[in-house]
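Engineer: sequence first, then the predicted structure, then my questions.
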Amino acid sequence: MILKQVMEMFELLDKPNANGNEVAKYIKARGNENVEINVETVEGEQGSTDFIKILIKGKNGKTKNGTAKTLGIIGRLGGLGARPDMNGFVSDGDGALAALSAALKLVDMNAKGDVLEGDVIVATHICPDAPTLEHYPVYFMDSPVDMDTMNRLEVSQEMDAILAIDTTKGNEVLNYRGFSISPTVKDGYILKISDDLVNIMKKVTGKLPVVFPLSQQDITPYGNDLYHINSILQPSTTTSSPVVGVAITTETSVAGCATGATQAVDVEMAGRFAVEVAKEYGIEKCSFYDEKEFELLLKLYGENKRFQTKGSI
């Protein structure tokens with residue numbers, strides 16, 4: 001259970017002066033020499049935000065010249081708050097909250113001696129005063145920086161697989177409260193759902209798994225004037241590593257800029273799911289896709305990497 005970590009992180013993030021350095025100091029104080037944190041403030045056309053990247057080293061991870069694979073956990077969002085228009089933590093911040101709570105739990109585990117096999121990299125950004133964006137059926141949160149900047153600072157080449165956690169409430173496609181996962185996306189292909197991830201999801205939730213649908217448009221880069229359910233699969237446009245979206249969802253459409261909409265239990269489940277995946281991924285008990293089948297797919301139909309670009313007219 002990581003509910004304690006969720007509540008701790010929420011208190012750090014739910015304020016007008018929330019910032020990356022304070023979060024980094026808080027997490028670092030709970031860790032040891034196996035934890036490295038980097039914070040970078042980036043100015044955009046609509047303000048600034050703090051990108052934070054947390055490395056939790058595994059006992060057989062790459063950072064120790066080991067062979068275990070590295071899992072990336074990315075909290076996707078526009079902003080934690082919509083100040084000065086709205087006071088308080090907005091729904092859109094749930095992805096960052098879940099990712100940072102998972103990071104804090106992994107740091108706590110590591111410091112107590114439960115060291116995972118592989119490295120884990122958690123990345124997100126912290127902005128308490130982001131702009132809003134008009135969107136159907138409800139408003140989204142915008143971001144002070146563009147998507148290319150987000151992907152550059154949140155997606156690391158060291159990540160062998162990525163979980164992208166994002167609030168996905170502003171739609172009429174997902175009518176389920178909790179969290180759901182996407183099929184695996186790799187090199188422009190939408191692949192079959194990972195059986196291993198489904199089994200972990202069933203264990204964490206105690207319920208039947210919920211998989212959210214993806215259209216081909218969803219896995220193309222922002223800026224091509226096509227529909228996107230949200231930014232949850234944008235990391236897949238800049239990496240060859242497999243990416244799975246972890247969507248925090250609701251039964252009704254909830255605006256990304258809505259306050260008072262965070263369900264702590266749902267955020268906790270999504271973060272706990274990420275922690276459980278991290279445990280099993282490093283010991284090769286969790287695969288995001290079938291590598292042999294993907295090789296056959298490429299032989300039969302060729303590469304699909306054009307969908308990782310904005311296309312051409």
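Structural biologist: Thanks, I have the structure now. Treat the numbers as computed from the prediction; the structure is a model and nothing was measured.

Engineer: quick one: contacts for the residue nearest to F288 when sequence neighbours are not counted?
Structural biologist: Nearest non-adjacent residue to F288, counting by CB to CB, 6 or more residues apart in numbering: P242, 3.9 Å away. Heads up, the C-betas are built off the backbone N, CA and C, glycines and all. Residues in contact with P242, defined by CB atoms under 8 Å, 6 or more residues apart in numbering, are 161-162, 184-186, 191, 288-289.

Engineer: out of the residues you listed, what pair is the most spread apart?
Structural biologist: Using CB to CB, the contacts of P242 span at most 13.8 Å, a distance reached by I162 and L191.

Engineer: okay, those two: which has more neighbours?
Structural biologist: I162 (26 against 18; other CB atoms under 10 Å).

Engineer: shouldn't V39 be in contact with K25?
Structural biologist: No. Using CB atoms under 8 Å as the test, V39 is too far from K25 to be in contact (9.5 Å).

Engineer: more neighbours: which of the two?
Structural biologist: Using other CB under 10 Å, the more surrounded residue of V39 and K25 is V39, with 18 against 13.

Engineer: the more buried one is in what secondary structure piece?
Structural biologist: For V39, the enclosing helix or strand under DSSP states H and E is strand 35-44.

Engineer: from the contact counts, what lies against that strand?
Structural biologist: helix 20-30, strand 47-56, helix 94-112, helix 147-154 (3 or more CB pairs under 8 Å, 6 or more residues apart in numbering; DSSP states H and E).

Engineer: please repeat the previous calculation with a cut-off of 10 Å.
Structural biologist: For strand 35-44, the elements it packs on are helix 20-30, strand 47-56, helix 94-112, strand 120-126, helix 147-154, judged by 3 or more CB pairs under 10 Å, 6 or more residues apart in numbering; DSSP states H and E.

Engineer: partner strands of that strand and their direction?
Structural biologist: Strand 35-44 pairs in its sheet with strand 47-56 (antiparallel), by DSSP bridges.

Engineer: is the nearest residue to T124 once chain neighbours are set aside in a bridge, and if so with what?
Structural biologist: Distance criterion CB to CB, 6+ apart; nearest residue to T124, sequence neighbours excluded, is G75 at 3.3 Å. Beta-bridge partners of G75, counted by DSSP bridges, are I165.

Engineer: tell me the contacts of G75?
Structural biologist: Applying CB atoms under 10 Å, 6 or more residues apart in numbering, we find G75 in contact with 52, 93-103, 122-126, 154, 163-167, 246, 270-271, 274.

Engineer: the stretch 201-313 of the chain: helices as residue ranges?
Structural biologist: 264-281, 291-301 (DSSP state H, counting those that start in this stretch).

Engineer: what is the first one packed up against?
Structural biologist: Just to be clear, that refers to helix 264-281. Under the contact rule (3+ CB pairs under 10 Å, 6+ apart), helix 264-281 is packed against helix 3-13, strand 71-76, helix 94-112, strand 120-126, strand 161-167, strand 178-181, helix 195-205, strand 243-249.

Engineer: coming back round to it: ok and the strand holding V39 relative to helix 94-112, angle-wise?
Structural biologist: Angle between the axes of strand 35-44 and helix 94-112 is 160 degrees (criterion: axes from the mean of the first three to the mean of the last three CA atoms, to 10 degrees).

Engineer: got any ranges where the protein has weak pLDDT?
Structural biologist: Counting by pLDDT under 70, the chain has low-confidence residues at 313.

Engineer: contacting residues around the closest residue to P84 other than its chain neighbours?
Structural biologist: The shortest distance from P84 to any non-neighbouring residue, by CB to CB, 6+ apart, is to D129 (7.1 Å). Residues touching D129, when contacts are defined by CB under 10 Å, 6+ apart, comprise 16-18, 46-49, 79-86, 144.
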